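>>> how would this look folded up:
(2 chains)
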Protein chains: 2
Amino acid sequence: MMSRPALTALAQSLPETVPFVGPEALERRSGRPFRARLGANESGFGPAPSVIAALAHAAGDVWMYGDPENHDLRHALAHHLAVAPENVMVGEGIDGLLGLVARLYLNPGDKVVTSLGAYPTFNFHVAGFGGQLITVPYEADRESLSALAEAARRENARLVYLSNPDNPMGTWWPAAEVESFAASLPDTTLLLLDEAYGETAPAGTLPPLDVTRPNILRFRTFSKAYGLAGLRCGYAIGEAQAIRAFDKVRNHFGVNRQAQVAALAALADQPYLEASLANIAAGRDTIAAIARDNGLTPIPSATNFVTVDCGRDGAFAMAVLQALANRGVFVRKPMAPTLDRCIRISVGRPEEIAIFAEELPGALRVAG
Amino acid sequence: MMSRPALTALAQSLPETVPFVGPEALERRSGRPFRARLGANESGFGPAPSVIAALAHAAGDVWMYGDPENHDLRHALAHHLAVAPENVMVGEGIDGLLGLVARLYLNPGDKVVTSLGAYPTFNFHVAGFGGQLITVPYEADRESLSALAEAARRENARLVYLSNPDNPMGTWWPAAEVESFAASLPDTTLLLLDEAYGETAPAGTLPPLDVTRPNILRFRTFSKAYGLAGLRCGYAIGEAQAIRAFDKVRNHFGVNRQAQVAALAALADQPYLEASLANIAAGRDTIAAIARDNGLTPIPSATNFVTVDCGRDGAFAMAVLQALANRGVFVRKPMAPTLDRCIRISVGRPEEIAIFAEELPGALRVAG
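Residues are numbered from 1 along each chain as shown, chains lettered A, B, ... in the order given. Purely as a prediction, here's the structure:
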């Protein structure tokens, strides 16, 4: 055999994997397009008309690299958040920023605490830089703040990850509890507070921003309520030195020009965001009602999806998911023990939710 | 002082830097927009009208994540290149892919060979993963194949980087020389052959694709001749196992949806590419003539820019660049010894090149 360039030992140990199979891949396998795309927590209400117009207007400008400093967007975000521009870093979605954090902070073997069943892409990045994941179970379908904090202290964890509101369960903690949790962590443990679903949460869920603390980075995105998932634009908020560290390693020209254009336009159109939030809240209610009509139990949600307890074990919930897919309905489901009894339905447009309503009874019959 | 989460030792050692200052940052500093944007090797001719239409048409779809497998684009590229889809990986520009290569292959201290004055973003990635850069000088304004190969063998280099055609000099080697160079490398040295400017090169510059060799990765992009720099879309071509390795670490949802749409449309519009290539060739001739008219020496170019020997030292060329900037003309320049006597002018639209022609005599007077 010909010898070949060697990957690092770490890279050799990693699987060739994708944290999530995309709906397009499932469609290619089945040979049929989904009739309802309700699995990826995207916003079926789409971006604002003002954003679509801005993207169309700027389409001819894509020959130019985007501003590597993301200056205008950082400044607009800082103004919107009432922090300074040096407290904001824009990146290629929260996914991209989480990868950079893993790279900046993790030595091989460093401990990272998260909940068993929480965001797989974060775990992918931690494993990808050789971090050691320590997981604690959810408690009553919420991430357990006490167990996360206890594990972080016990393991002297380098990073601890919390999503609030939570994905995949949709549950949340009020701000005061999150603040107590953060205060209970070692100064040397960096809290990654993923607020991707912050806009859809009830008032009082997001703690006030405090950019003086060097051990909290908060993450938000244009992918969810703003409806820009396909453009890859998220941001981190934190203390200035922690934010500057991204400049050591980020792909400076990585945030594409259309993302910057769209995010600026989206941020400027708060009335559309408000309308989307109302649509999302109504859609949650509809999905919850459909679940109850079918004898299932919707879990209260602060996000743009509803996680539904199918009342039996993980195999049953998987069979429901599969039967829905066979009927053209794309949903996803949690995979960790106890959470795996659920399926997760993203709030889509009413016509797609109607398809879900139509197909759920048949799917439950087949699965049962 | 409050203790804080510690960066890795490597991250601590890295500067907070940007490999290139964007023209927008220069405009913010001066308070004036550039009248001619001729510094970033973008295509002032812009994307094809068919691409602009496709982007505008797809603007409403950006609420959906892009396909993480980039399936359609990979297949279209494979067909275009007459290789298999498993020989192609799409990434967030060549920049993004080079970062992944550094991550996959470099242990701290591993040797990486490149030319002194070659692509700074590659060096940024190598340093960012703790690689040790070994540089060899250019020879007569070309990357020295013999010196690169000799250094790679001597140092048992993990990676060796060659851009052909070359940036920042615009020079090139014919395919046969590149093939001999590749054949002379150790089997365990991975050749990164950056062909970002491949489309603008004369016939016979790009070696035929051979995807059986595990130690060559070739990189191409939609940023240059195709005019899509702002969308971040490049691709690697190589042996299947080397290509699959990207799946271990890449940000799977990182290639944005608009990039995939635009790249597919651009690839399908080869007549527009041909027209752009003709415009670029004509623009090179115009820039060369302007240089000669001002007593300067244009270096023959296979790229979408012309590097011009200003005939004196680096300080003089820098003064010319600065004087051009003060007159609203954005160009860049090589910084390494001997190359630094030059400035580099990207082929832009005729009206921007006309502004360069108008301002160059005054800039030379001031600099002189």
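>>> ok, residues contacting whichever helix in chain A runs longest?
Longest helix in chain A, counting residues (DSSP state H): helix A:270-293. Counting by CB atoms under 8 Å, 6 or more residues apart in numbering or on different chains, helix A:270-293 makes contact with A:43, A:45, A:48-51, A:199-200, A:225-227, A:266, A:297-298, A:301, A:304-306, A:308, A:345, A:347-348, A:350, A:353, A:356-357, A:360, all of which sit outside it. The way it works is simple: take the backbone N, C-alpha and C, and place the C-beta from them, glycine included.
>>> same deal with stretch A:191-199?
Against stretch A:191-199 from outside (CB under 8 Å, 6+ apart): A:41, A:94, A:98, A:101, A:119, A:122, A:159-165, A:167, A:178, A:182, A:185, A:205-206, A:215-221, A:223-226, A:234, A:273, A:277, A:302-304.
>>> Which residues are in contact with the closest residue to residue A:82 other than its chain neighbours?
Closest residue to residue A:82 apart from its sequence neighbours, by CB to CB, 6 or more residues apart in numbering or on different chains: residue A:209 at 7.4 Å. With contact taken as CB under 8 Å, 6+ apart, residue A:209 is in contact with A:81-83, A:87, A:218, A:237.
>>> Strands - which of the residues you listed land there?
If you go by DSSP state E, the contacts of residue A:209 have A:218, A:237 in strands.
>>> Now the buried members of the contacts of residue A:209.
A:81, A:83, A:87, A:218, A:237 (16 or more other CB atoms under 10 Å in any protein chain shown).
>>> what about stretch A:59-72 and chain B, any contact?
Yes. Judged by CB under 8 Å from any CB of the partner chain, stretch A:59-72 and chain B are in contact via A:59-69, A:71.
>>> That stretch - what's its average pLDDT?
For stretch A:59-72, the mean pLDDT works out to 97.
>>> So what touches it?
A:85, A:90, A:252-253, A:255-260, A:264, B:18, B:20-22, B:24-25, B:28, B:37, B:40, B:42-47, B:51-52, B:55-56, B:59, B:223, B:227-231, B:258, B:262.
>>> still on that earlier bit, tell me the two of the contacts of residue A:209 that are most distant?
Based on CB to CB, the longest span within those runs between A:82 and A:218 and measures 13.7 Å.
>>> Show me chain A divided up by domain.
Using automatic domain parsing, the domain ranges for chain A come out as A:20-46+A:271-367, A:49-268.
>>> Deepest in the core, which of these is it.
domain A:49-268 (a mean of 21; mean count of other CB atoms under 10 Å in any protein chain shown).
>>> How far away from the center of its chain is stretch A:347-357?
21 Å (CA atoms, centre = their mean, to the nearest Å).
>>> Can that stretch be said to contact chain B?
No. Stretch A:347-357 stays clear of chain B (CB under 8 Å from any CB), getting no nearer than 9.9 Å.
>>> who's in contact with that stretch?
By CB under 8 Å, 6+ apart, stretch A:347-357 touches A:35-38, A:42-45, A:279-280, A:283-284, A:286-287, A:290, A:293, A:304-306, A:324, A:328-329, A:331, A:345.
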